[in-house]
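Chemist: could you work out the structure for the sequence below:
(chains A and B)
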Number of protein chains: 2
Amino acid sequence: MILYNMPSSGNSYKVRLLMALTGQKADLVDVEYGDPALNAAKAALPFGKAPVLVLVDGTHLAESNAILWHLAQGTAFWPSETLAQAQALSWMFWEQNQHEGVIAVRAALRTYPHRAAQATPERLAALLEQGNALLQIMEDHLSNRDWLVGNAASIADICLYAYTHSAETRGGYDLTPYPAIRAWLDRVAALPGYASL
Amino acid sequence: MILYNMPSSGNSYKVRLLMALTGQKADLVDVEYGDPALNAAKAALPFGKAPVLVLVDGTHLAESNAILWHLAQGTAFWPSETLAQAQALSWMFWEQNQHEGVIAVRAALRTYPHRAAQATPERLAALLEQGNALLQIMEDHLSNRDWLVGNAASIADICLYAYTHSAETRGGYDLTPYPAIRAWLDRVAALPGYASL
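Modeler: Numbering: from 1, shown residues only, chains lettered A, B, ... in the order given. The predicted model follows:
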């Protein structure tokens, strides 16, 4: 397999993390904003974005969470019960619709030079408030359980981990008020095979 | 089953449409912006949003596309092959991360009174340009096939249909340049059991 991989992106990291945790391998083709390699690869990226996983039959599979789903089939990271599967997907769609559009966007505005013009104080303040409301939803849910769904780590956890574990360093969120999230981040980082980058 | 349903929302419509197409029923609890029923129901909505499907065991399942996945299990709307399943999810994650965040947001800015203050000419113009780029991706993909994935309608089509079929009337997009999208919209509307609202 080949993974079109953006090193700076949490969406790419989540795929690399699941591959590390499940012992799966792909050749990485790095494509980064501002790098001519990204434009050169655009035709291979169905929605014009990384990550994209090229399967052994040549299929180009886009969208980080669809790639997680594909790689998790037959592993412990895809829950065995249908209801838990639906709940894992619920967290993953929420991540792409809400969490990523706020917490990852705030990180992008703060760290990508090509986004700096959009990083107005008003926008950063609004994203801080919205992101804290989203983190509170995770905090409340994790306050009495170890994992987002069921009793074991699933792709829902890997999915949400990516931009939550960098929320302080890149997003500028203070995780001090979220002890359940911090304990959950530690649990993910303690999984056998964990890769920090 | 009970469906917490926002009548004005494409995310709720897609759930009602799949239930109509597959002969599944739920009691509707309508919750609309500005309606006290929405605040009264908030505690029942895991992410504070509709739609939420309450299953017969009492589980509250959130996120429209996770609900579609759940309702499609055992029906023809969930592809039988693993690769096609991954591709359907790829379109559905793209819908929540890209399409909905542009095309549905432009419709919301144009039609919801509580969003009117955000509907600046600059923002509407940017969303028009971004939305046309997203519609072009769908147009290119549908130019040589009838359905987004495989040879039959799947939940990927139901998912993307919701905000695409109202892109002209509510979003203010002109679909004239997208004949493949228009033909696909007609194919969805011709499915047995189709419900227009």
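Chemist: buried residues in stretch A:126-142?
Modeler: Across stretch A:126-142, burial judged by 16 or more other Cβ atoms under 10 Å in any protein chain shown covers A:127, A:128, A:130, A:131, A:132, A:134, A:135, A:138, A:139, A:141, A:142. Any C-beta I mention is one placed from the backbone N, CA and C, and that applies to glycine too.
Chemist: now the closest residue to residue A:123 other than its chain neighbours: how far from chain B?
Modeler: Closest residue to residue A:123 apart from its sequence neighbours, by Cβ to Cβ, 6 or more residues apart in numbering or on different chains: residue A:109 at 6.9 Å. Distance from residue A:109 to chain B, counting by Cβ to the nearest Cβ, to the nearest Å: 16 Å.
Chemist: name the element residue A:109 belongs to?
Modeler: With elements taken from DSSP states H and E, the one containing residue A:109 is helix A:105-111.
Chemist: that helix - contacts with which helices or strands?
Modeler: If you count contacts as 3 or more Cβ pairs under 8 Å, 6 or more residues apart in numbering or on different chains; DSSP states H and E, helix A:105-111 packs onto helix A:121-142.
Chemist: give me the mean pLDDT for the helix it packs on.
Modeler: Helix A:121-142 carries an average pLDDT of 97.
Chemist: what about the following helix or strand past it and chain B, touching?
Modeler: Following helix A:121-142 in sequence order, the next helix or strand is helix A:155-164 (DSSP H and E). No. Shown here: helix A:155-164 not in contact with chain B (Cβ under 8 Å from any Cβ of the partner chain), separated by at least 10.1 Å.
Chemist: three-state assignment of residue A:61?
Modeler: What DSSP: H, G, I helix; E, B strand; the rest coil gives for residue A:61 is strand.
Chemist: what about the nearest residue to it once chain neighbours are set aside, how many residues nearby?
Modeler: Nearest non-adjacent residue to residue A:61, counting by Cβ to Cβ, 6+ apart: residue A:53, 4.8 Å away. Neighbour count of residue A:53, defined by other Cβ atoms under 10 Å in any protein chain shown: 25.
Chemist: and residue A:60, by the same measure?
Modeler: Neighbour count for residue A:60, taken as other Cβ under 10 Å: 16.
Chemist: try the one 3 residues further on
Modeler: Residue A:63 is surrounded by 29 other residues when neighbours are defined as other Cβ under 10 Å.
Chemist: the nearest residue to residue A:7 once chain neighbours are set aside - how many residues pack around it?
Modeler: Nearest non-adjacent residue to residue A:7, counting by Cβ to Cβ, 6+ apart: residue A:30, 5.7 Å away. Residue A:30 is flanked by 16 other residues according to other Cβ under 10 Å.
Chemist: cheers, nothing more for now.
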